[in-house]
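Asker: Based on what follows, work out the 3D shape:
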Amino acid sequence: MVRVILLVAGALLAGLLWAENAGNHWLVLLFKTPLSCMFVLVALLQAHPVAGYYRLMLTGLILGLLGDVCLALPGETSFQAGLVAFLCGHALYSMAFAKLTRRTDWIHPLNLLILAFSGYVFWWLLPHLGEMLIPVSVYIVIISVMVLGACAVFRNPDTTRAGAWTILLEALLFYASDIFVARDKFIASEFMNRLIGLPLYYSGQFLLAFSVSLVGSDSGVFPHHGSKK
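Answerer: Residues are numbered from 1 along each chain as shown. The predicted structure is shown next:
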């Protein structure tokens with residue numbers, strides 16, 4: 001079943017890229033909506049050994065679906081609604097990652113590099129943000145926290161390596177895709193941004209959907225704040 005979904009998703013992604021290149025908003029919506037439904041469906045079909053993680057992740061994926069629909073619609077209001085949906089989704093992803101970590105997993109020198117890169121992205125976008133300064137600033141903070149959370153999950157030795165690698169790769173793909181969204185919106189609107197960004201984005205979302213069945217630990221519990229979860 002999942003293999004069939006992935007094959008259909010690949011075909012829909014190809015159609016979406018064709019529609020994006022054609023510049024037809026309604027064709028984009030026609031391909032994008034069912035494609036985004038696919039990563040929600042994949043999550044629903046997975047086993048979910050960590051119930052709290054699954055609930056947060058599924059809700060975040062549904063918000064991602066709503067955000068995709070909003071971004072496919074023309075107009076600034078639709079873009080802002082999509083931004084809010086993704087912001088809330090990223091917050092839920094971060095909360096889900098926190099369920100798989102200990103406090104010490106969030107402390108690492110590498111965090112400074114991640115924050116520095118996010119600062120550079122903000123500086124790069126700053127001259128072009130205008131009235132979007134505050135929402136984009138908040139979004140950069142939230143997605144940076146999500147990446148930090150994914151790295152924290154990876155550092156927790158109690159998390160299965162398959163789950164840890166899946167979450168880390170997802171976060172990096174998602175972060176990279178958002179850079180292309182920002183470039184398209186604020187720097188230079190061109191098809192190349194979507195040609196690269198959309199496959200990165202959907203790869204990230206599908207990895208998140210698969211992660212609900214991959215997370216867990218050898219002991220079946222996660223140490224958190226000194227106690228079992």
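
Asker: roughly how far apart are the spatially most central residue of the chain and Gly60?
Answerer: Within the chain, one residue has its C-alpha closest to the average C-alpha position: by Cα atoms, centre = their mean, that is Phe174, at 4.6 Å. When Cβ to Cβ, to the nearest Å is the yardstick, Phe174 and Gly60 sit 11 Å from each other. The way it works is simple: take the backbone N, C-alpha and C, and place the C-beta from them, glycine included.

Asker: do His25 as well
Answerer: His25 sits 25 Å away from Gly60, going by Cβ to Cβ.

Asker: Which of the two has more residues huddled nearby?
Answerer: Residue environment comparison for His25 versus Gly60 gives the larger neighbour count to Gly60, 25 against 15, counting by other Cβ atoms under 10 Å.

Asker: Next, the contact list for that one, please.
Answerer: Contacts for Gly60 were tallied using Cβ atoms under 8 Å, 6 or more residues apart in numbering; they are 88-90, 92-93, 96, 208.

Asker: hang on, the earlier thing: pretty sure the residue nearest to the centre of the chain is touching Phe206, no?
Answerer: No: under the criterion of Cβ atoms under 8 Å, Phe174 lies out of contact with Phe206, with a separation of 11.1 Å.

Asker: Averaging pLDDT per element, find the lowest-scoring helix or strand in this structure.
Answerer: Using mean pLDDT, DSSP states H and E, the weakest-scoring helix or strand in the chain turns out to be strand 227-228, at a mean of 38.

Asker: residues touching the residue nearest to the centre of the chain, list them.
Answerer: Contacts of Phe174 were listed using Cβ under 8 Å, 6+ apart, and they are 143, 146, 200-201, 204-205.

Asker: please redo it, this time with the cut-off set to 7 Å
Answerer: Contacts for Phe174 (Cβ atoms under 7 Å, 6 or more residues apart in numbering) come out as 201, 204.

Asker: what about it, helix or strand, and which?
Answerer: Counting by DSSP states H and E, the element that carries Phe174 is helix 161-182.

Asker: what's the model's confidence in that helix, averaged?
Answerer: Taken as a whole, helix 161-182 has a mean pLDDT of 95.

Asker: Just the buried residues of it, please?
Answerer: 163-171, 173-175, 177-182 (16 or more other Cβ atoms under 10 Å).

Asker: and whichever helix or strand comes after it, which residues are buried?
Answerer: Where DSSP H and E defines the elements, the next helix or strand beyond helix 161-182 is helix 191-214. Taking 16+ other Cβ under 10 Å as the basis for neighbour counts, the residues of helix 191-214 that come out buried are 193-194, 197-214.

Asker: Stretch 144-159 now?
Answerer: By neighbour count, and taking 16+ other Cβ under 10 Å as the criterion, the buried residues in stretch 144-159 are 144-156, 158-159.

Asker: Nearest to Asp68 among those?
Answerer: Using Cβ to Cβ, the shortest approach to Asp68 within the buried residues of stretch 144-159 belongs to Met146, at 17.2 Å.

Asker: Tell me how far the helix or strand hosting the closest one lies from the chain's centre.
Answerer: Element membership for Met146 (DSSP H and E) is helix 133-155. Here the centre of mass of C-alpha atoms in helix 133-155, compared against the chain's by Cα atoms, centre = their mean, to the nearest Å, lies 10 Å away.
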